[in-house]
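Trainee: with the sequence up front, the predicted model follows.
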Amino acid sequence: MIDLNQEVIIDSGQPVKLGALYSDKLLIYFYPKDMTSGCTKQAVLFQEQQERFNSLGCKIVGVSRDSIKRHNKFKQTYGLTFDLIADTQEQLCHQFKVMAEKSMYGKTYLGIVRSSFLLDKKGAILKEWRNVKVASHMVSLLSEVKVLINVE
């Protein structure tokens, strides 16, 4: 169960309780970094599907460790209209256990593993998708969410 009373900082700079970001279902997705090719493609795909998710009573929220300023630039550059959470202290990242050791160009570092979670209004995780690839994940995500929501 996810703590919906946990305070998060959204791209507007306002602290809000996680549960206040949605009323029925939340699709919260974690991504490594704003303005990178994979993360940009993922955000644009979510933006393109936002109305479909909204019609299912499912709000989309993105989370990375980027700053509010960087989130705002990302949103403006790509016309994103959903909230982005600035998890600069990695609180949500640790709660959802999306931090892992990664390596690039022979160097290891701790980073976000691209993951998505569907939450109900009580904070229960209905489904999780971990270590996803952008293109293949988006192909099946909407249909899986439809099935999960209709099952309840």
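Mentor: Received, thanks.
Trainee: the helices in this protein, which residues?
Mentor: Secondary structure of the chain (DSSP state H): helices located at 37-55, 68-78, 91-95, 134-151.
Trainee: starting at the chain centroid, how far to the first one?
Mentor: Which is helix 37-55. 10 Å (C-alpha atoms, centre = their mean, to the nearest Å).
Trainee: so what's the residue nearest to Met1 when sequence neighbours are not counted up against?
Mentor: Distances taken as C-beta to C-beta, 6 or more residues apart in numbering put Gly123 closest to Met1, at 5.1 Å, once the chain neighbours are dropped. C-beta coordinates here come from the backbone N, C-alpha and C atoms, glycine included. Residues in contact with Gly123 (C-beta atoms under 8 Å, 6 or more residues apart in numbering) are 1-4, 18-19.
Trainee: same list (the helices of the chain) but as JSON lines, adding mean neighbour count, mean pLDDT and distance to Tyr109.
Mentor: Converted to JSON lines, these look like this (neighbours: other C-beta atoms under 10 Å; pLDDT from 0 to 100; distance: least, C-beta to C-beta, whole Å):
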{"stretch": "helix 37-55", "mean neighbour count": "16", "mean pLDDT": "94", "distance to Tyr109": "16"}
{"stretch": "helix 68-78", "mean neighbour count": "16", "mean pLDDT": "97", "distance to Tyr109": "18"}
{"stretch": "helix 91-95", "mean neighbour count": "16", "mean pLDDT": "95", "distance to Tyr109": "14"}
{"stretch": "helix 134-151", "mean neighbour count": "14", "mean pLDDT": "83", "distance to Tyr109": "20"}
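Trainee: Ile10 versus the residue nearest to Met1, what's the distance?
Mentor: Separation of Gly123 from Ile10 (C-beta to C-beta, to the nearest Å): 18 Å.
Trainee: one more: Lys121?
Mentor: Relative to Ile10, Lys121 is positioned 19 Å away (C-beta to C-beta).
Trainee: compare these two (neighbour count), which wins?
Mentor: Set side by side, Lys121 and Ile10 show more neighbours around Ile10, with 18 against 13, by other C-beta atoms under 10 Å.
Trainee: pLDDT score for the more buried one?
Mentor: For Ile10, the model assigns a pLDDT of 95.
Trainee: most remote residue from this protein's center?
Mentor: Within the chain, Gly106 marks the point farthest from the mean C-alpha position, 27.8 Å out by C-alpha atoms, centre = their mean.
Trainee: since that was my last question, I'll sign off now.
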